[in-house]
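Asks: Generate coordinates for the sequence data below:
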Amino acid sequence: MKWNPFDYISPSIERTKKLLFPFDLKYWTKLTIVSILSGNLGGGNGGGGRGSVRAPISKVNSNSSITGNIIAETGKNTGFIGAIIFFAAIIGVILTIISSVFSFIFIDALVKRKYTIRDSWKKYGSSGLSYFWFRIVFGIIVLGVFLIIALPLIIKISGVGFMAYFSTYGFFKIFFDFLPYVIIGIIWFLIISVFGMFVKDFVLVDMYMKGLRVKESLKRVFSAIRGQKKESLVYWVSKVVITICIFIILMAALLAFLLAGILIGLALFFLLKLISLLFAIIVIVIFAIAVLFAYCVGTLPLNVFARYFTIECYQRLMSFSNKK
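Replies: Coordinates of the predicted model:
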């Protein structure tokens, strides 16, 4: 192999130590906020034919009545539901824009160490918007393919009726109806997961390093990946191993913070409840937020290490690509 991703775990750890130690609370707090905003927060009887096991007419009618009532009630609140969906979509778009830009600010913070959010936003805001539009288009394509995969099953269920289908057929019939689509869906999910990993790990770094748009960096990075298939496969394996290890550490840290937070929180609640129940609830809510943020600060080195590892491997990938 031209390069082995596992060789760059140790250098990434050393870069993490150099950046974060000696401990500086102000610097850790600022970098934690950047990390969070970038999106880094540190799973009956089977029936034969279609008409072989019809449910009793009374049951189907009962289900239809229930369904009709649900539809009628939903219809009365269409405006309210639509407003909630609209505002949720607006908030989702805003958060996606913020996380897209802060993905570059986080890289900038690790590369330069001394940085300002305002200057980084001005410099990499256009890159963030380019990445944002890519995420929107990519998300539409992913959902569209999932819909195409599920379309034959949706048509089949619609032909029978949703309630009638699940009340008519047994478990095994439904299971084997869904199984092919689930398998194809899982395969598609794995494909987009691997593609998305390379985009987040390498394409974003290439955009940052070269000042390119998504389209140009996609071509550069995946051209390098095609020329280094073995190394890229080992990189994927290394990411799986590292992700599992980080997940275990995160869960252990979360458990420790939760246990400490619950014990201290209960003591505070019962003590402050003697003064005022409302005051006790307000303090506990603030305390819970503080504990959650403290957890993010405490696990910051894991997010920093993970990004340094991608930067190290990106540099090797592109250096050998340029030697072709």
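
Asks: got the residue ranges for the helices in the chain?
Replies: Secondary structure of the chain by DSSP state H: the helices cover 9-20, 25-37, 57-76, 78-112, 117-160, 162-168, 171-198, 204-210, 214-227, 229-273, 277-298, 300-322.

Asks: least reliable of those going by mean pLDDT?
Replies: Mean pLDDT is lowest for helix 57-76 among those, at a mean of 46.

Asks: burial count for the residue lying closest to Gly196 once chain neighbours are set aside?
Replies: Spatial nearest neighbour of Gly196, excluding adjacent residues (C-beta to C-beta, 6 or more residues apart in numbering): Phe138 at 7.8 Å. C-beta: built from backbone N, CA, C; applies to glycine. Phe138 has 15 neighbouring residues, counting by other C-beta atoms under 10 Å.

Asks: Look up how far Val214 lies from Phe138.
Replies: 9 Å (C-beta to C-beta, to the nearest Å).

Asks: ok so, going back, which of the helices of the chain sits closest to Met1?
Replies: helix 229-273 (5.5 Å; C-beta to C-beta).

Asks: Please state the offset of that closest one from the chain centre?
Replies: Taking the mean of its C-alpha atoms, helix 229-273 sits 15 Å from the chain's own mean (C-alpha atoms, centre = their mean, to the nearest Å).

Asks: And it, what does it pack against?
Replies: Secondary-structure packing of helix 229-273 (3 or more C-beta pairs under 8 Å, 6 or more residues apart in numbering; DSSP states H and E): helix 171-198, helix 277-298, helix 300-322.

Asks: Now tell me what touches the second one from outside.
Replies: Outside of helix 277-298, the residues within contact range by C-beta atoms under 8 Å, 6 or more residues apart in numbering are 28-29, 32, 35-36, 41-42, 253-254, 257-258, 260-261, 264-265, 268-269, 272-273.

Asks: Report the backbone C-alpha coordinates of it in PDB.
Replies: Only the C-alpha atoms of helix 277-298 are listed here, as PDB (Å, rounded to 0.1, in the frame of the first residue of the first chain):
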ATOM      1  CA  LEU A 277     -41.100  24.700  43.300                       C
ATOM      2  CA  LEU A 278     -40.900  27.000  40.300                       C
ATOM      3  CA  PHE A 279     -37.500  28.300  41.300                       C
ATOM      4  CA  ALA A 280     -36.300  24.700  41.800                       C
ATOM      5  CA  ILE A 281     -37.500  23.700  38.300                       C
ATOM      6  CA  ILE A 282     -35.800  26.700  36.700                       C
ATOM      7  CA  VAL A 283     -32.500  26.000  38.400                       C
ATOM      8  CA  ILE A 284     -32.700  22.300  37.500                       C
ATOM      9  CA  VAL A 285     -33.300  23.100  33.800                       C
ATOM     10  CA  ILE A 286     -30.300  25.500  33.800                       C
ATOM     11  CA  PHE A 287     -28.200  22.900  35.600                       C
ATOM     12  CA  ALA A 288     -29.200  20.200  33.100                       C
ATOM     13  CA  ILE A 289     -28.100  22.400  30.200                       C
ATOM     14  CA  ALA A 290     -24.800  23.100  32.000                       C
ATOM     15  CA  VAL A 291     -24.200  19.400  32.600                       C
ATOM     16  CA  LEU A 292     -24.900  18.700  28.900                       C
ATOM     17  CA  PHE A 293     -22.500  21.500  27.800                       C
ATOM     18  CA  ALA A 294     -19.800  20.200  30.300                       C
ATOM     19  CA  TYR A 295     -20.200  16.800  28.700                       C
ATOM     20  CA  CYS A 296     -19.500  18.400  25.300                       C
ATOM     21  CA  VAL A 297     -16.500  20.200  26.600                       C
ATOM     22  CA  GLY A 298     -15.100  17.100  28.300                       C
END
